[in-house]
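Participant: Predicted model follows, preceded by the sequence.
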Amino acid sequence: MTQKIWGGRFREETDTLVNRLNASISFDKRLYPYDIKGSIAHCKMLAKQGIISDDDASKILVALGEIQRELDRGVFSFDENYEDIHSLVEKTLINKIGSLGEKIHTGRSRNDQVALDMRLFVRDAINRIKDLIKKTQKALIELAEKNIDVIMPGYTHLQRAQPVLLPHHLLAYYEMLKRDYARFEEGFKRVNILPLGSAALAGSTFDLDREFVANELSFDSISANSMDAVSDRDFVLEFLFNSSTLMMHMSRLSEELVIWSTQEFDFITISDSFCTGSSIMPQKKNPDLPELIRGKTGRVYGDLLSLLTTMKGLPLTYNKDMQEDKEVLFDATDTTEICLEVMARLLCEVTFNKEKMEAATTKGYLVATDLADYLVRKGITFRQAHEIVGQMVLFALDQGKELEQLSLDEMKTFSRQINKNVFTWLDVRSSLKKRNLPGGTAPSAVKKCIQKAKKELEE
Ligand code: ARG
């Protein structure tokens, strides 16, 4: 039976049932590289401050290196008696070098230690996610360039609205991901603060050099209040919120990929290697991957809501409830990363059915707004023009025709201002070209955005 690191005050062994609920080792073992990294920095600082001798410190450092390699090799069984990763590392250290190892926890508590480990974990996760966001953005830009002149209906209420360039549609997702990237980058500032030196809650009686440790671990600054530092999980919540928003964006894109791959839309084909089949219906080819990204978005929301709820009733400072921060963080990190990785690849596996997409722009009066704009240029107020074109659409609907299929004489019955140059306003591609404001869907505007995006991605 492993003796607990806090065993001194206890007369009885911990009940095995207590261990089952109390132990976090089964999941926080994942924090070991960060826990060891933190202990190394703490140990160096203790020696520098003369709190432990240089000789002791170097023995501890060698042993911590060994423990790291052993954990890397996976030789440990993560017994529940160890309680958590912090105890495991400390116990192993003591097993290796005897009572000397007991000095590592001088001026430190598991409360500031776990806060440190979590910050180090989130820091790495943010960097990996930022890279994956860029990869997905690159895939979007490549897809936009490859399909530079494909046009399609733009939708509102999922009803055909106005013609747009497919790259314009794709670049909308580029912008969402750009905001996601910025949010993670911004959040990083609030993660990159050293909590160590706060000890249990009130700071330490030892002359710790917190700035030295911050520097060793590349933190920008040290926490300003020890009570806040050990009870703060805002940085995890912020990460979970940023992941949720990112997942929501990927979920919306996934939803479009699912819809577009239906026979009803038939806008895209996803290559076989990124689809799956049915166990009973031999003809089926299903878009499981975008469906899963859409589905997994709920999990990440759940992770955020779970931790928000955990934190809401906690008095200062550390409370054991906070151990619940780990599984949700790990789950959200893993889920977001795999989904981003899949999305970046999936986008390369999408082929657009250009003919179908363009054909869809010619049915459903997508140029009606253009016709109203045309009338405004003839001196009619917009509201009146809207009314006139509405009546023309109704007439065309009754005739089973599109607007450009009406004769000039038929059109003139609605407004005498209409003359034959109206037809250039009823052509889908010229409609696109006219929307050349910055941020619009005209090919000239979209091409500029692609160039700008490519530059941003290089930075
Ligand atoms: N396993 C604990 C956690 O994750 C570590 C901190 C324990 N602190 C304490 N005072 N019991 O929250």
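Facilitator: Yes, it's here. Here the structure is a predicted model, which means the values were calculated and not measured.
Participant: Please report how far residue 107 lies from residue 59.
Facilitator: To residue 59, residue 107 is 18 Å away according to CB to CB, to the nearest Å. Using the backbone N, CA and C atoms, a C-beta is placed for each residue, glycine as well.
Participant: So which residues make contact with stretch 19-38?
Facilitator: Residues from elsewhere that reach stretch 19-38 (CB atoms under 8 Å, 6 or more residues apart in numbering): 14, 64, 67-68, 71, 76, 78-89, 113-114, 116-118, 120-121, 196, 217, 320, 323, 326-327, 330.
Participant: and these near the ligand, which?
Facilitator: Taking CB under 6 Å from any ligand atom as the test, the ligand is in contact with 84, 114, 320, 323 out of the contacts of stretch 19-38.
Participant: Low-confidence ranges, this structure, go.
Facilitator: Within the chain, the stretches with pLDDT under 70 are 1-2.
Participant: mind listing the strands for the stretch 251-400 of the chain?
Facilitator: All strands of the stretch 251-400 of the chain, identified by DSSP state E, counting those that start in this stretch, fall at 268-270, 350-352.
Participant: Can you tell me which of those strands is most buried?
Facilitator: strand 268-270 (a mean of 19; mean count of other CB atoms under 10 Å).
Participant: Please name every helix or strand in contact with it.
Facilitator: Judged by 3 or more CB pairs under 8 Å, 6 or more residues apart in numbering; DSSP states H and E, strand 268-270 is in contact with helix 234-260, strand 350-352.
Participant: How many residues are close by the residue nearest to residue 192 when sequence neighbours are not counted?
Facilitator: Of all residues not flanking residue 192 in the chain, residue 220 sits nearest, at 4.7 Å (CB to CB, 6 or more residues apart in numbering). Residue 220 is flanked by 12 other residues according to other CB atoms under 10 Å.
Participant: And the residue in the chain sticking out farthest from the centre, which helix or strand is it part of?
Facilitator: For the chain, the residue at maximal distance from the C-alpha centroid (CA atoms, centre = their mean) is residue 409, at 55.8 Å. Using DSSP states H and E, residue 409 sits within helix 408-412.
Participant: Could you pull out the buried residues of that helix?
Facilitator: Under the neighbour-count criterion of 16 or more other CB atoms under 10 Å, helix 408-412 has residue 411 buried.
Participant: Output it as PDB, nothing but the C-alphas.
Facilitator: C-alpha atoms of helix 408-412 as PDB (Å, rounded to 0.1, in the frame of the first residue of the first chain):
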ATOM      1  CA  LEU A 408     -39.500  43.500 -73.200                       C
ATOM      2  CA  ASP A 409     -43.200  44.300 -74.000                       C
ATOM      3  CA  GLU A 410     -44.300  42.200 -71.100                       C
ATOM      4  CA  MET A 411     -41.900  44.000 -68.800                       C
ATOM      5  CA  LYS A 412     -42.900  47.400 -70.000                       C
END
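Participant: what sits up against it?
Facilitator: Contacts of helix 408-412 (CB under 8 Å, 6+ apart): 392, 395, 418-420, 422.
Participant: picking up where we left off before, which one of the helices and strands packed on strand 268-270 has the most crowded surroundings?
Facilitator: Per-stretch averages of neighbours, counted by mean count of other CB under 10 Å, single out helix 234-260 among those, with a mean of 21.
Participant: Might one say that residue 415 is in contact with residue 372?
Facilitator: No - with contact defined as CB atoms under 8 Å, residue 415 does not count as touching residue 372 (10.7 Å).
Participant: Mind listing the shared neighbours of the two?
Facilitator: Here residue 415 and residue 372 share the contacting residues residue 388, scored by CB under 8 Å, 6+ apart.
Participant: before we move on, the earlier item: Throw the helices and strands packed on strand 268-270 into a markdown table and include distance to the ligand, thanks.
Facilitator: What follows is these, written out as a markdown table (distance: least, CB to the nearest ligand atom, whole Å):
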| stretch | distance to the ligand |
| --- | --- |
| helix 234-260 | 12 |
| strand 350-352 | 42 |
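Participant: Tell me where the stretch 101-250 of the chain has strands.
Facilitator: Counting by DSSP E, counting those that start in this stretch, the stretch 101-250 of the chain has strands at residues 151-156, 159-165, 193-194, 221-222.
Participant: Kindly confirm whether my reading is correct that residue 118 touches residue 330.
Facilitator: No - counting by CB under 8 Å, residue 118 sits too far from residue 330 to count as a contact (10.6 Å).
Participant: Looking at the two now, which is surrounded by more residues?
Facilitator: A count of neighbours by other CB under 10 Å puts residue 118 above the other of residue 118 and residue 330, at 24 against 17.
Participant: what's the distance between that one and residue 326?
Facilitator: Look at residue 118 and residue 326: by CB to CB, they are 8 Å apart.
Participant: which parts of the protein sit against the ligand?
Facilitator: Near the ligand, when you scan the chain using CB under 6 Å from any ligand atom, you find 24, 28, 84, 110-111, 114, 318, 320, 322-323.
Participant: and residue 426, how many neighbours?
Facilitator: By other CB under 10 Å, 21 other residues sit near residue 426.
Participant: wait, isn't it in contact with residue 404?
Facilitator: Yes - assessed by CB under 8 Å, residue 426 is found in contact with residue 404 at 4.0 Å.
Participant: Quick check: end-to-end length of stretch 370-390?
Facilitator: For stretch 370-390, the separation between the terminal residues is 12 Å (CA to CA, to the nearest Å).
Participant: repeat for stretch 351-370
Facilitator: This stretch, stretch 351-370, spans 30 Å end to end (CA to CA).
Participant: And the buried ones among the ones next to the ligand among the contacts of stretch 19-38, selectable in ChimeraX?
Facilitator: Selection of buried members from those for ChimeraX, criterion 16+ other CB under 10 Å:
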select :84,114,323
